[in-house]
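1. A structural model of the following input is requested.
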Amino acid sequence: MRRPDASVDWLEVLPCCIGEIRIMHRAAGSFTVSHRDDTGLEGLAVYRDADAAIELARYDDAGRYRSLKTAPNLRHGWLFVLDRLEQAREVIEHFYPGRAAAYQTWRSGELRTTPLRETLGRQTGMYRASAKISERQADELVGTFCRSDGGCLRTILWKRDAAGASPSTLLPKVKFDPEFDQTGRDEAARPLLCQEACNLLVAAARNVVKGGQ
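-> Okay, the predicted model is just below:
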């Protein structure tokens, strides 16, 4: 597998894959953005306005709301044809909010990661209970919630605690490797980096503590 080069901007070298998306440069000077599964397919709905990605990112193929934008359930059937590379950047930002900034900060060596225990420990109000999750429960929760297959396509950079414990012993080592294509397609792909446990994981931790799912 050809590994991505962290020394360049993630759209400076095309074609480029990010999560479930593929960005390509056309001979006519325009750019296309599509689902990686739809590459080369005909009959796709064509969009020329980057803001159309906002609505496309909301629901999966079955019409279910996507609360986690980096979940591996991006809908199919669309194609963006854009005149400027900056428009492609806007499309990616709509599909994967904040991930471009995280990548650039990581590339510069300045990305700060926050251990799970620190994230849970600073919660207030109804989410304060999440900090009471046990080590076994945390290991199982992260191993299920964050898995790339059906969970989240982000590459985990944070640790479970300040001592550097693995987020979960149930996840494969490649889940923490920015050079690995988390979609499982075994292509060169820019990573969707996770520097801190998301709000959905915090909420899930609270549910575990409270005896929920």
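2. tell me the bridge partners for the nearest residue to residue 16 once chain neighbours are set aside.
-> What sits nearest to residue 16 in space, not counting adjacent residues and going by CB to CB, 6 or more residues apart in numbering, is residue 23, at 4.8 Å. Every C-beta, even on glycine, is put in place using the N, C-alpha and C of the backbone. Beta bridges link residue 23 to residue 16, residue 33 when assigned by DSSP bridges.
3. how much space separates residue 36 from residue 59?
-> Separation of residue 36 from residue 59 (CB to CB, to the nearest Å): 18 Å.
4. residue 69 contacts residue 96, correct?
-> Yes: contact criterion CB atoms under 8 Å: residue 69 and residue 96 qualify, at 6.0 Å.
5. please identify which of these two sits among more neighbours.
-> Remark: of residue 69 and residue 96, residue 96 carries more neighbours, 24 against 21, as counted by other CB atoms under 10 Å.
6. low-scoring stretches of this protein, by residue?
-> In the prediction, the chain carries residues with pLDDT under 70 at positions 1-9, 212-213.
7. which residue of it sits farthest from its center?
-> Distance to the chain centre peaks in the chain at residue 28, reaching 30.5 Å (criterion: CA atoms, centre = their mean).
8. what about that one, distance to residue 82?
-> Distance, residue 28 to residue 82, using CB to CB: 11 Å.
9. which neighbours do these two share?
-> Applying CB atoms under 8 Å, 6 or more residues apart in numbering, one finds that no residue jointly contacts residue 28 and residue 82.
10. the residue nearest to residue 16 against residue 30, yeah?
-> No: look at residue 23 against residue 30 with CB under 8 Å: they stay out of range, at 11.5 Å.
11. between the two, who's got more neighbours?
-> More crowded of residue 23 and residue 30, by other CB under 10 Å: residue 23, with 23 against 17.
12. tell me the contacts of the more buried one?
-> Residue 23 makes contact with 11, 14, 15, 16, 17, 31, 32, 33, 88, 92, according to CB under 8 Å, 6+ apart.
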